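Asks: Predicted model and sequence follow; I will ask about them next.
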Amino acid sequence: MKNYIKQLEKVIDKKMKSPSVNKKEIKKEGLKGFMTRQSLKTETTKETKEENIIDVVADLVISIREERMEYKNAKDIS
């Protein structure tokens, strides 16, 4: 378990340091509202490339950390 967490932290650090496009800018104009589908990645087909589970977990951890920091900054301002 410790090795898995170390490997996951390495992937997270690498992804956090690399410049990437903001996910909020990628959202399409027509996809708004509470019950809309968040991403098209959830659909699986035979043509869909299999992703490494560590990459998937790393992306989820990064999104949680970003949301937490946004919340923390908003809380400090008010």
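Replies: Looks like it came in fine. Note that the structure is predicted; figures quoted are calculated from it, not measured.

Asks: In the protein, where is pLDDT below threshold?
Replies: For the chain, residues meeting the criterion pLDDT under 70 lie at 20-50, 78.

Asks: and residue 8, what is it in contact with?
Replies: By CB atoms under 8 Å, 6 or more residues apart in numbering, residue 8 lies in contact with 54, 57-58, 61. (Glycine included, C-beta is placed from N, CA and C.)

Asks: Which PyMOL command selects the buried ones in those?
Replies: Burial among the contacts of residue 8 is assessed by 16 or more other CB atoms under 10 Å; the matching PyMOL selection reads:
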select buried, resi 58+61
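
Asks: Okay, and which of the contacts of residue 8 map to strands?
Replies: Counting by DSSP state E, the contacts of residue 8 place none of their members in strands.

Asks: Export the contacts of residue 8 as CSV, with columns for distance to residue 15.
Replies: Shown next, in CSV, are those (distance: CB to CB, whole Å):
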residue, distance to residue 15
54, 11
57, 11
58, 6
61, 9
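
Asks: Can you tell me which of the contacts of residue 8 is nearest residue 67?
Replies: Proximity of the contacts of residue 8 to residue 67 (CB to CB) peaks at residue 61, which lies at 10.9 Å.

Asks: Wait, the closest one touches residue 12, no?
Replies: Yes: if you go by CB atoms under 8 Å, residue 61 and residue 12 touch, sitting 5.7 Å apart.

Asks: Now do residue 74 against residue 68, distance only.
Replies: Applying CB to CB, to the nearest Å, the value for residue 74 to residue 68 is 11 Å.

Asks: before we move on, what about residue 9?
Replies: 16 Å.

Asks: any idea how far residue 77 is from residue 71?
Replies: Residue 71 is 11 Å from residue 77, where distance means CB to CB.

Asks: Look at these two and report which has more neighbours.
Replies: For the pair residue 71 and residue 77, the greater number of neighbours falls to residue 71 (10 against 6), based on other CB atoms under 10 Å.

Asks: got the phi/psi numbers for the more buried one?
Replies: For residue 71, the backbone dihedrals are phi -60, psi -40 (criterion: degrees, to the nearest 10).
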